[in-house]
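> no letters, just coordinates:
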């Protein structure tokens, strides 16, 4: 490589880094809040969309709509044995 090309690289790389840093600072100060508010609004709309499905599921799966009896569990103390013991020896 020639000395001129090497010198050019030593000027171009830091200049590109400086321009990138300045571009980032401008983006953060000027445009970031706009993108964040749009993202927040979009997330809110998506959550309302999901909630509409949950609300529809609750109304279609309510206990009054299914009319299935709830099974009763057997009480272990009914057979006369004290709680915590078994009468099936």
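Looks like it arrived, so ask away. These numbers were taken from a predicted model, which means no experiment stands behind them.

> same question for the biggest helix by length in the chain: list its buried residues.
Looking across the chain with DSSP state H, the single longest helix is helix 32-60. Buried residues in helix 32-60, counted by 16 or more other CB atoms under 10 Å: none are found. For the C-beta atoms, the positions are set from N, CA and C on the backbone; glycine is no exception.

> what is it packed up against?
Helix 32-60 is packed against no helix or strand, with contacts defined by 3 or more CB pairs under 8 Å, 6 or more residues apart in numbering; DSSP states H and E.

> low-scoring stretches of the protein, by residue?
The chain contains residues with pLDDT under 70 at 35-36, 61-89.

> please redo it, this time with the cut-off set to 90
Along the chain, the model assigns pLDDT under 90 to residues 1-9, 27-89.

> got the angle between the helix or strand where residue 13 lies and helix 32-60?
Secondary structure assignment for residue 13, by DSSP states H and E: helix 3-26. Angle, helix 3-26 to helix 32-60, by axes from the mean of the first three to the mean of the last three CA atoms, to 10 degrees: 50 degrees.

> in helix 3-26, what's buried?
Buried residues in helix 3-26 (16+ other CB under 10 Å): none.

> show me the contact partners of that helix.
In this structure, no residues lie in contact with helix 3-26 by CB atoms under 8 Å, 6 or more residues apart in numbering.
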